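Asks: Need coordinates for the following:
(chains A, B, C and D)
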There are 4 protein chains.
Amino acid sequence: MRSKSWLNRHDNSQLLPSTSIQSGSSFSLQTTTENWFKYIVKAHPHHSDYGGVVWHGTYLRWMEEARVECLNSMGLEYADLVNLNCELPVVELALRYHQSIRMGNTAIVKTRLSDIQGVRIHWDYRIESRDEKDLYVSGVVTLVAVDRHKGKIMRQLPSILKDALIKK
Amino acid sequence: MRSKSWLNRHDNSQLLPSTSIQSGSSFSLQTTTENWFKYIVKAHPHHSDYGGVVWHGTYLRWMEEARVECLNSMGLEYADLVNLNCELPVVELALRYHQSIRMGNTAIVKTRLSDIQGVRIHWDYRIESRDEKDLYVSGVVTLVAVDRHKGKIMRQLPSILKDALIKK
Amino acid sequence: MRSKSWLNRHDNSQLLPSTSIQSGSSFSLQTTTENWFKYIVKAHPHHSDYGGVVWHGTYLRWMEEARVECLNSMGLEYADLVNLNCELPVVELALRYHQSIRMGNTAIVKTRLSDIQGVRIHWDYRIESRDEKDLYVSGVVTLVAVDRHKGKIMRQLPSILKDALIKK
Amino acid sequence: MRSKSWLNRHDNSQLLPSTSIQSGSSFSLQTTTENWFKYIVKAHPHHSDYGGVVWHGTYLRWMEEARVECLNSMGLEYADLVNLNCELPVVELALRYHQSIRMGNTAIVKTRLSDIQGVRIHWDYRIESRDEKDLYVSGVVTLVAVDRHKGKIMRQLPSILKDALIKK
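Replies: Predicted coordinates for the structure are as follows:
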């Protein structure tokens, strides 16, 4: 085994407690997406730290990449959304590190849209070994739609975004 | 104001729900440290993203730096601990992003040891404006003591670490 | 065109002056590899800076990834080499930035082994648009083989590395 | 000694060959600054790689920070310059890595303005041990002044920048 387990075995099956942020918006949608979007990554030297494993902050890069590519698979290119004046900054995240990934190993970043509450978009994450038998990291990330010019949270999701997320 | 607020005002006073990880170890210590360790940072171009503000993953770098320097202020140099066969990897973290920090601005990363449960060490974080009036990021991070050679969680904190943390 | 040109057009065809480091070793090999190894990358938000383009240091990550994958295509997994006590740290690099890459765009990182002088391994780089019509970055990188345990430069390349590089 | 030397001793005193980029502008200034601007850094876990030393790309972050702070010491805040529509992207850089820096160690990033050729600004770098006896990295970086709105290289340096650089 080339990865080290930091959490006890019984922790591996625990999920993070779901975030419970209140939203002032009336628009709310519980998605029913069961399928994970899968994004393959490899731990290169620049991802590693002195321990020979992936540095804990590196995962946020991979999670962002997986999220952008997941949106892309829904027909929405994130850079286009930004050009249309809408950004989706992260406003909340929570991660648990179950096992580390050694430099040179590959992994699967699995993500899915878990919930939309007004202009808040919740994503689930599981980073696993290629055979999906080992869980390295689990987590949740919340984005919010922001009007770039005004620098303020939008009152509702822009149509292009809502359409892409719902049809999915 | 050069930073943008992503969360509603009433969110700013909310703290993250405390983590409630069970520990199998009998050693448990509730620290009474009230004082924050303060670490000044400046948002340079490489910390920023396309939005002109600090990228959300950058904060993990600053939080790690503040934690290492806080330990150092307690008389413990992290690199020495590693040379003594003990690593303190992050096993859990949760962050809320209240306002963004624009490129060129400075901020204070405030951290404190909040709790020790067996070999788990919990830290609180608040990243604020220099005048401490604006809250940018709040969060919690949990470390665990790992035996480098064995690649396993230690049964108890090494004396050098326990002594430094408790005397504080 | 979504990238901006920082250098004049006539600069685009200029190559970097070749490095001329002397090597004390008698083993020297001029490779005749003409073909570029190609590695596709996409500029994600975390690669960008306040200007909306790829931050200049990001390219070193992509170049390292392309180099590791190029070695892999030669039958050599870099992590295995490290486990065999040999590291290949960068000892010299030079880059020219011809045009920037906007967030959301893809590019090709082209690399090839250009020369081996003793235990020094020289690589050429060209980072181009997908249609290979625009040049974004050109550069050279020199690695040296280091004995991990001794912390010293090796007297000669380990067989596993030499065989992989030469047969290519 | 906690750092490892990758280059032979006689390499340590070698400087990089000066870059010789032609500039179409008539404005040219050879600065006479002999004093180095000094910026202290510490190698934290996130700066390190699997080898336990600073990853080679990390230095570009420190060099950028030192450059921004050096400009600041001349009375010019880089973020203000950007708000005034002028960016200074890196168009060329060359680095030599003489010795690595171990995680936990501190170093001095020394930089100075070496030359101004039209809208090109050349900087020298030396990254040394705190006692200035060991040289870790030496290098040169060239910036160019770009009009943000037009996305083009400026015909001349903006007054605010020229005044700050020359009075220095």
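Asks: Who are the packing partners of the helix or strand hosting A:Leu60?
Replies: In the assignment (DSSP states H and E), A:Leu60 maps to helix A:58-73. Helix A:58-73 is packed against strand A:37-42, helix A:78-83, strand A:106-117, strand A:120-128, strand A:135-144, with contacts defined by 3 or more Cβ pairs under 8 Å, 6 or more residues apart in numbering or on different chains; DSSP states H and E. Yep, even glycine has a C-beta here, placed from its N, CA and C like the rest.
Asks: Redo the ones you listed as JSON lines? Include mean pLDDT and mean neighbour count.
Replies: Formatted as JSON lines, the helices and strands packed on helix A:58-73 follow (pLDDT from 0 to 100; neighbours: other Cβ atoms under 10 Å in any protein chain shown):
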{"stretch": "strand A:37-42", "mean pLDDT": "98", "mean neighbour count": "18"}
{"stretch": "helix A:78-83", "mean pLDDT": "97", "mean neighbour count": "18"}
{"stretch": "strand A:106-117", "mean pLDDT": "97", "mean neighbour count": "20"}
{"stretch": "strand A:120-128", "mean pLDDT": "98", "mean neighbour count": "22"}
{"stretch": "strand A:135-144", "mean pLDDT": "98", "mean neighbour count": "22"}
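Asks: hang on, the earlier thing: please export the C-alpha coordinates of the helix holding A:Leu60 as PDB.
Replies: What follows is helix A:58-73 as a C-alpha-only set of coordinates in PDB (Å, rounded to 0.1, in the frame of the first residue of the first chain):
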ATOM      1  CA  THR A  58      -3.300  20.800  -3.500                       C
ATOM      2  CA  TYR A  59      -6.600  19.000  -3.400                       C
ATOM      3  CA  LEU A  60      -8.400  22.400  -3.800                       C
ATOM      4  CA  ARG A  61      -6.800  22.800  -7.200                       C
ATOM      5  CA  TRP A  62      -7.900  19.400  -8.300                       C
ATOM      6  CA  MET A  63     -11.400  19.900  -6.900                       C
ATOM      7  CA  GLU A  64     -11.700  23.200  -8.800                       C
ATOM      8  CA  GLU A  65     -10.500  21.600 -12.000                       C
ATOM      9  CA  ALA A  66     -13.000  18.700 -11.600                       C
ATOM     10  CA  ARG A  67     -15.800  21.200 -10.900                       C
ATOM     11  CA  VAL A  68     -15.000  23.300 -14.000                       C
ATOM     12  CA  GLU A  69     -14.800  20.200 -16.200                       C
ATOM     13  CA  CYS A  70     -18.100  18.900 -14.700                       C
ATOM     14  CA  LEU A  71     -19.800  22.200 -15.600                       C
ATOM     15  CA  ASN A  72     -18.200  21.900 -19.100                       C
ATOM     16  CA  SER A  73     -19.700  18.400 -19.400                       C
END
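Asks: Now for chain A, the helix or strand with the poorest mean pLDDT.
Replies: strand A:28-29 (a mean of 44; mean pLDDT, DSSP states H and E).
Asks: so which of the helices and strands packed on helix A:58-73 comes closest to chain B?
Replies: Proximity to chain B (Cβ to the nearest Cβ) singles out strand A:135-144 among the helices and strands packed on helix A:58-73, at 5.7 Å.
Asks: need the next SSE after the closest one, C-terminal direction.
Replies: From strand A:135-144, the next helix or strand downstream (DSSP H and E) is strand A:146-147.
Asks: what is the rounded mean pLDDT of the helix holding A:Leu60?
Replies: Per-residue pLDDT values over helix A:58-73 give a mean of 98.
Asks: So A:Cys86 versus A:Ala107, what's the distance?
Replies: 30 Å (Cβ to Cβ, to the nearest Å).
Asks: Check A:Ser114 too.
Replies: Applying Cβ to Cβ to A:Ser114 and A:Ala107 gives a distance of 21 Å.
Asks: Chain A against chain D: which residues are in contact?
Replies: A:Pro45, A:His46, A:Ser48, A:Asp49, A:Tyr50, A:Gly51, A:Gly52, A:Trp55, A:Gly57, A:Met103 (Cβ under 8 Å from any Cβ of the partner chain).
Asks: Would you mind listing the residues in contact with the closest residue to A:Ile121 other than its chain neighbours?
Replies: Nearest residue to A:Ile121, sequence neighbours excluded (Cβ to Cβ, 6 or more residues apart in numbering or on different chains): A:Leu143, at 4.6 Å. Shown in contact with A:Leu143 (Cβ atoms under 8 Å, 6 or more residues apart in numbering or on different chains): A:Leu88, A:Pro89, A:Val90, A:Val91, A:Arg120, A:Ile121, A:Trp123.
Asks: what residues does chain A put near chain C?
Replies: Contact residues (Cβ under 8 Å from any Cβ) of chain A with chain C: A:42, A:44-46, A:60-61, A:64-65, A:68, A:77-80, A:82, A:102-105.
Asks: okay, the angle between the helix holding A:Leu60 and strand A:120-128?
Replies: Orientation of helix A:58-73 against strand A:120-128 (axes from the mean of the first three to the mean of the last three Cα atoms, to 10 degrees) gives an angle of 120 degrees.
Asks: ok, what's across the strand from the residue nearest to A:Ile121?
Replies: Using DSSP bridges, the bridge partners assigned to A:Leu143 are A:Val90, A:Ile121.
Asks: Separate out the buried members of the residues of chain A next to chain C.
Replies: With neighbours counted by 16 or more other Cβ atoms under 10 Å in any protein chain shown, the residues of chain A next to chain C contain buried members at A:42, A:44-46, A:60-61, A:64-65, A:68, A:78-79, A:82, A:102-105.
Asks: nearest to A:Lys152, of those?
Replies: Checking those against A:Lys152 by Cβ to Cβ gives A:Val82 as the nearest, at 15.7 Å.
Asks: residues contacting that closest one?
Replies: The contact partners of A:Val82, by Cβ under 8 Å, 6+ apart, come to A:Arg148, B:Tyr50, C:Met103, C:Gly104.
Asks: try A:Val137
Replies: A:Tyr59, A:Leu95, A:Arg96, A:Tyr97, A:His98, A:Tyr125, A:Arg126, A:Ile127.
Asks: how about a cut-off of 7 Å?
Replies: Neighbouring residues of A:Val137 by Cβ atoms under 7 Å, 6 or more residues apart in numbering or on different chains: A:Tyr59, A:Leu95, A:Arg96, A:Tyr97, A:His98, A:Ile127.
Asks: what's the closest non-adjacent residue to the last one?
Replies: Once flanking residues are discounted, A:Ile127 sits nearest to A:Val137: 4.1 Å by Cβ to Cβ, 6+ apart.
Asks: Alright, calling it a day.
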